[in-house]
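Asks: got a predicted structure plus its sequence, pasted below:
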Amino acid sequence: MWKKPLIRLPLWAALLVLIGCPRALAGSPKVQVYEEVEKGLEVGGQIGMGYDFRAPVESPGPGLLVGLEVGYDINWLLRVKGGFSDMIFTASRTSPRDQTLAMDFEERLLWAGASFSLLATKRFYMYVQAGLGYLFTQPKQIDEQDVAGADDLAILAGGGLEYYTTLRHISVGLEVNAVVLPIRGDVAIAVYPVLRYTFGFGGEKVIEPIRDRDSDGVPDKEDKCPDTPGVESQLGCPEPDRDGDGVPDSQDRCPDEPGPVGNDGCPLKIDRDGDGLPDKLDRCPDEPGLPANEGCPEEDSDLDGVPDRIDLCPTKRGKKEYDGCPKKSDIKIRVKKEAIELREKIHFETNRAIIKPKSYPILDQVAATLKQYPEIRKLEVQGHTDSRGGSRYNQSLSQRRAQAVVNYLTGKGIERERLEAKGYGEERPIAPNTTESGRAMNRRVEMIIMERR
């Protein structure tokens, strides 16, 4: 039968620990954890004392405890662990003949469980723990008298305090645990120091905030100007600003002359031609021009009032309503919502990715159109072939031809990031490949608008 008064308190203690563990998980640490202490596989040695409240032999007294444990820190809060310990008790009794008989016995505990952090600082780690195991005892009897008691399940509950030494992998701790043996109605208490060694993974880590007095993101230990906000590239110091105008030299177009941020750090100087661009930045300071053309007027080779940059027919004097072409039929392309429609084919040399000169005018119109429509941010230049030849060859040829068109357009001043070459080979025919006319239609270049502002 159980002796309830003797085991009630340890059982309540075990219950409170098990209830308190989720609270520890839910609560916040008393010290904000920025980085975890060295974590990894831990091995610890134990040596201390234990006391069995209900050993069959009378008054065994405290016993010697030795043990070994292993653990692994899942994070700063949770550690899974297990171990083996051996409690050696010395006892005796007096026989009817007044002889003293040795009644020594051992209790060996094999257990597994987890510990939960209550406090974490740079040096200290306080925790509660719980586990389950099995207790082996020997000998069971001496001189026909029960000594160690029967083997039993074991419920372990307790806690401890660990101290991290200045030696990176070594820590020392003190643990107190209650071992409840529910079948035989027994309770044992164990108190022991622990010496642990951690086989750390991922390098040394610490529990302490990174000091950054000026809050510039560069830790004080690496910051050459710890009290002045700066940038990482300057080791925490501010970027150089020779003229003191508030614009860093790396962004200042006039680093030796103070000027406003809105003028890229340059002073607002005289603008002789009144085109809005200061003379210092104006390549043509006496002729009104556009900022996009560095202050110079745009060329108009055919003098039709449409600048060459956006003139679809720059060598023929035309009309503004026809984008610089003499008549509507001279316009070889049309901008639609999803594509730039080509009204003429782009011709290449046979089985090669070389554009024939007769296709230069239509590509010039494409370039001029892209300059007129800066909102077209991404244009996919697609190459297509007929089905003659191998599919791998056709795909390669279509890719090279699409890239040749992209190279031509970039040579006309179109930003490369606005263009993407894509070869589809014979995958997307628009006519049957059974006739010459169908195959001719399938050999084509298409321009698909992928992205607009």
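Replies: Great, that's in hand. Predicted model, so just to flag it, every value in this text is computed and none were measured. Residues are numbered from 1 along each chain as shown.
Asks: could you double-check that residue 354 sits in contact with residue 346?
Replies: No - using CB atoms under 8 Å, residue 354 makes no contact with residue 346, being 11.4 Å away. Glycine gets a C-beta too; all of them are placed from N, C-alpha and C.
Asks: so what's the predicted local confidence for residue 205?
Replies: Reported pLDDT at residue 205 in the predicted model: 48.
Asks: one more: the one 4 residues further on?
Replies: Residue 209 is assigned a predicted lDDT (pLDDT) of 63.
Asks: same deal with residue 268?
Replies: Residue 268 is given a pLDDT of 68.
Asks: partners of residue 105 in the sheet?
Replies: Under DSSP bridges, the beta-bridge partners of residue 105 are residue 89.
Asks: got it, and residue 193?
Replies: In this entry, residue 193 is beta-bridged to residue 174, by DSSP bridges.
Asks: what about residue 51, how many residues nearby?
Replies: Look at residue 51: counted by other CB atoms under 10 Å, it has 17 neighbours.
Asks: so which bits of whichever strand or helix holds it are buried?
Replies: Here residue 51 is covered by strand 40-52, with elements defined by DSSP states H and E. Across strand 40-52, burial judged by 16 or more other CB atoms under 10 Å covers 42, 44, 46, 48, 50, 51, 52.
Asks: and the first one, what does it touch?
Replies: What it means is residue 42. Residues near residue 42 by CB atoms under 8 Å, 6 or more residues apart in numbering: 69, 70, 71, 72, 73, 79, 81, 196, 197, 198, 199.
Asks: next, count neighbours for residue 429.
Replies: 17.
Asks: now it: how far from residue 403?
Replies: 21 Å (CB to CB, to the nearest Å).
Asks: ok, now residue 354?
Replies: 12 Å.
Asks: what ranges does the stretch 251-400 of the chain have for its strands?
Replies: Secondary structure of the stretch 251-400 of the chain (DSSP state E, counting those that start in this stretch): strands located at 333-335, 339-342, 376-384.
Asks: what's stretch 214-234 in contact with?
Replies: For stretch 214-234, using CB under 8 Å, 6+ apart, the contacting residues are 210, 211, 212, 213, 235, 236, 237, 238, 239, 240.
Asks: just for the stretch 251-400 of the chain, where's the confidence low?
Replies: Applying pLDDT under 70 to the stretch 251-400 of the chain flags residues 268-270, 272, 280, 282-283, 292-296, 301, 308-310.
Asks: in it, which spans are helices?
Replies: Assigned by DSSP state H, counting those that start in this stretch, the helices in the stretch 251-400 of the chain fall at 360-372, 391-411.
Asks: tell me the most buried of those helices?
Replies: Ranked by mean neighbour count, these are led by helix 360-372 with a mean of 20 (mean count of other CB atoms under 10 Å).
Asks: if I look at the nearest residue in space to residue 404 that is not next to it in sequence, how far off is residue 297?
Replies: For residue 404, ignoring the flanking residues on the chain, the nearest one in space by CB to CB, 6 or more residues apart in numbering is residue 353 at 4.6 Å. Computed as CB to CB, the residue 353 to residue 297 distance reads 37 Å.
Asks: which one of the two is surrounded by more residues?
Replies: Between residue 353 and residue 297, counted using other CB under 10 Å, the more crowded position is residue 353 (19 against 14).
Asks: let me see the domain layout of the protein.
Replies: 4-200, 332-452 (automatic domain parsing).
Asks: could you dump those domains into CSV and include distance to residue 267?
Replies: Formatted as CSV, the domains of the chain follow (distance: least, CB to CB, whole Å):
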stretch, distance to residue 267
domain 4-200, 46
domain 332-452, 30
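Asks: when residue 354 and residue 346 are compared, which one has more neighbours?
Replies: Comparing residue 354 with residue 346 by other CB under 10 Å, the one with more neighbours is residue 346, at 24 against 11.
Asks: OK, contacts around the more buried one?
Replies: By CB under 8 Å, 6+ apart, the residues touching residue 346 are 355, 359, 362, 363, 405, 444, 445.
Asks: which of those sits closest to residue 279?
Replies: residue 363 (37.1 Å; CB to CB).
Asks: give me the contact list for the host helix or strand of residue 72.
Replies: Element membership for residue 72, per DSSP H and E: strand 63-73. Here strand 63-73 makes contact (CB under 8 Å, 6+ apart) with 36-37, 39-52, 79-90, 107, 109, 115, 190, 192, 194, 196.
Asks: tilt between that strand and strand 40-52?
Replies: If you take axes from the mean of the first three to the mean of the last three CA atoms, to 10 degrees, strand 63-73 sits at 150 degrees to strand 40-52.
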